[in-house]
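In: Give me the fold of what follows.
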Amino acid sequence: PIAFKGNTEFDILYFSDVHAKTNNIRHFKSAVDEFDRKNKDKTTLKLAGGDLNMDTAVKPNVLLIALMNLIGLDASSVGNHDLEGGNFWAALEKAKPTFKFLSANLDFLRSNKVQDKIAHSTVIERKGQKVGVIGVSPLDYGNLTFITPFNDFVKVKSLDDTIKSVREEVKKLEKQGISKIVLLAHTGKASETGTEYYEKLAQIGGIDIIIGGHDHKEFEHWYTSERGEPVKVVSVGKADGKDITGEDLDSFGVLKAIFDDNGVL
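Out: Next up is the predicted model:
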């Protein structure tokens, strides 16, 4: 792509489904360092499509959050493994993430200690340019997770209500004058019933880029929103002929996003 004068360019490093695994940390950190070296004079973002954590023990989650701080992660959506048990919640209380955990489609059914640590959206500013980032949690969460005293206070909204919530966040961001918006969608491409989640989320006007996760499948596609604007959807995952599963820090993607003066991708 050619960046013409006046346009805004972002180089976005993205990944998902880390599951608090540490086996690939050394290789991943080296790759991120190389990304930083190559783009030291450019405007960059680092975004995750959910499931950074895993309900195994508190310590791995705290260490994983420390690694994300070290690499300069900007934001992550909240995935099903993040929500499943008490160890993620305990890690959020112990760790000090410098990035944002995001989900616009969670209902908290009772008071808890961590809901104020999860935002619907955030605004990231780089070199005078602002980007809005919204998070979405998995719509099949209720079918995947055993309800326990550690997670009985949280529920994921339906698809229709999720779309409404995302629309509200887009409106809030646009009222702040933000025309570049990324959605972190830990939904996977489609449900078992065939509902195309990425396509439906891409139709929401105002969203430019969707970074997916959850199904561990490589995906890259252009959609058109209800406003007639282009929307790019990407996700790391299993690629044909490659020993990559799209999880545990075994892969990441880099997206070069160029916006015109009106904020159109």
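In: What ranges in the stretch 51-200 of the chain fall below the confidence cut-off?
Out: Within the stretch 51-200 of the chain, the segments meeting pLDDT under 70 span 85-86.
In: Alpha carbons only: can I get the longest helix seen in the chain in PDB?
Out: Longest helix in the chain by number of residues (criterion: DSSP state H): helix 159-175. As requested, the backbone C-alpha atoms of helix 159-175 are provided in PDB (Å, rounded to 0.1, in the frame of the first residue of the first chain):
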ATOM      1  CA  LEU A 159     -25.800 -11.200  19.800                       C
ATOM      2  CA  ASP A 160     -28.600  -8.600  19.400                       C
ATOM      3  CA  ASP A 161     -27.800  -7.000  22.700                       C
ATOM      4  CA  THR A 162     -24.000  -7.200  21.900                       C
ATOM      5  CA  ILE A 163     -24.600  -5.300  18.700                       C
ATOM      6  CA  LYS A 164     -26.600  -2.700  20.500                       C
ATOM      7  CA  SER A 165     -23.800  -2.300  23.100                       C
ATOM      8  CA  VAL A 166     -21.100  -1.900  20.400                       C
ATOM      9  CA  ARG A 167     -23.200   0.700  18.600                       C
ATOM     10  CA  GLU A 168     -23.500   2.700  21.800                       C
ATOM     11  CA  GLU A 169     -19.700   2.600  22.300                       C
ATOM     12  CA  VAL A 170     -19.100   3.700  18.600                       C
ATOM     13  CA  LYS A 171     -21.500   6.600  19.200                       C
ATOM     14  CA  LYS A 172     -19.600   7.600  22.400                       C
ATOM     15  CA  LEU A 173     -16.300   7.500  20.600                       C
ATOM     16  CA  GLU A 174     -17.500   9.400  17.600                       C
ATOM     17  CA  LYS A 175     -18.900  12.100  19.900                       C
END
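In: So which residues make contact with it?
Out: For helix 159-175, the surrounding residues in contact (Cβ atoms under 8 Å, 6 or more residues apart in numbering) are 104-105, 120-121, 123, 132, 134, 136, 139, 156-157, 181, 183, 195, 197, 200-201, 204-207. Bear in mind the C-beta positions are built from the backbone N, C-alpha and C, glycine included.
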